[in-house]
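**Q** With the input below, show me the fold.
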Amino acid sequence: MLKIENIKAGYGQLEVLHGVDMEVNAGEIVAIIGPNGSGKSTILKSIFNLCNIYSGKIIWKDRDITKQKTYQKILEDISYVPQGRQVFRDLTVLENLEMGAFVFNNKEVMKKNIEEVYREFPFLKDKENKNADTLSGGQQQMLAIGRALIQNPQLLLMDEPSLGLSPKASQDIFNKVKEINKKGISVIIVEQNARQAVEIADKTYVLDNGKVVLTGGRDILNNPKIKNIYFGDS
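**A** The predicted structure is shown next:
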């Protein structure tokens, strides 16, 4: 479904990824873990064209989309939930969702998709006329996820969705990721909570210094090699 082939990427003259290969099959949850500064978020940004790609390819459904603009990636059914609960705090819940639906010219399609998000997150319907800054941290993260789901993605990119949340709110987020995946949406999740991410993932990539150093399933945390890689706070 998605293949990352020998990607070298970064920001300006700073190369962060040094030849990364990765693959996501249809219906998979793929976790990316690793220490701070290892390039985890840059992988997502390279897929979504939010950083500089110096060489390599992003292949989506057997087509090269490396150089496509960000809005074109959305039209290709790829959506992105950025790090840090980035919602429009001075806009209402409904207005935030409408911002996610900007790609649709058809108002009926927009309305239908918003109603589907309300079914997924009933509390958002109850708070649709409240400003986003009145929501709790966990609710804001759910709103950010709902805004991405408005776009009907086949692949959802999630950058540290549990960052800064309480243990309960974090668990709610991971449960929601599993529910979303069961509906047929593939997910790439970059996470600072490595253990929880690995537990819900079909496949995990461990990144260190801009390179994939280990790949495995749910038993990857038991691999002795990983003891040399600090990922708990990444």
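
**Q** So what touches the least confident helix or strand in the chain by mean pLDDT?
**A** Within the chain, confidence by mean pLDDT, DSSP states H and E is lowest for helix 107-120 among all helices and strands, at a mean of 88. Helix 107-120 is contacted by residues 94, 97-98, 101, 104, 124-125, 128, 146, 149-152, 179-180 when judged by Cβ atoms under 8 Å, 6 or more residues apart in numbering. All C-beta atoms are positioned from the backbone trio N, CA, C, and that covers glycine.

**Q** Over to stretch 13-25?
**A** Outside stretch 13-25, the residues that reach it (Cβ under 8 Å, 6+ apart) are 1-10, 30, 32, 39, 42-43, 46, 51, 54, 56, 155, 186, 188, 205, 207, 209-212.

**Q** Can you tell me which of those are buried?
**A** Neighbour counting over these (16 or more other Cβ atoms under 10 Å) leaves 2-5, 7-10, 30, 32, 39, 42-43, 46, 51, 56, 155, 186, 188, 205, 207, 210, 212 as the buried ones.

**Q** and the gap between the most centrally placed residue in the chain and Tyr205?
**A** The structure's the chain has its C-alpha centroid closest to Met158; by Cα atoms, centre = their mean the separation is 1.5 Å. Look at Met158 and Tyr205: by Cβ to Cβ, to the nearest Å, they are 14 Å apart.

**Q** go on, Pro153?
**A** Shown here: Pro153 relative to Tyr205, a distance of 20 Å by Cβ to Cβ.

**Q** same thing with Gly19?
**A** 13 Å.

**Q** Now do the buried residues in stretch 160-180.
**A** Of the residues in stretch 160-180, those buried (16+ other Cβ under 10 Å) are 160-163, 165, 169-170, 172-174, 176-177, 180.

**Q** next one: stretch 44-58
**A** So for stretch 44-58, counting by 16+ other Cβ under 10 Å, buried means Leu44, Lys45, Ser46, Ile47, Phe48, Asn49, Leu50, Cys51, Asn52, Ile53, Gly56, Ile58.
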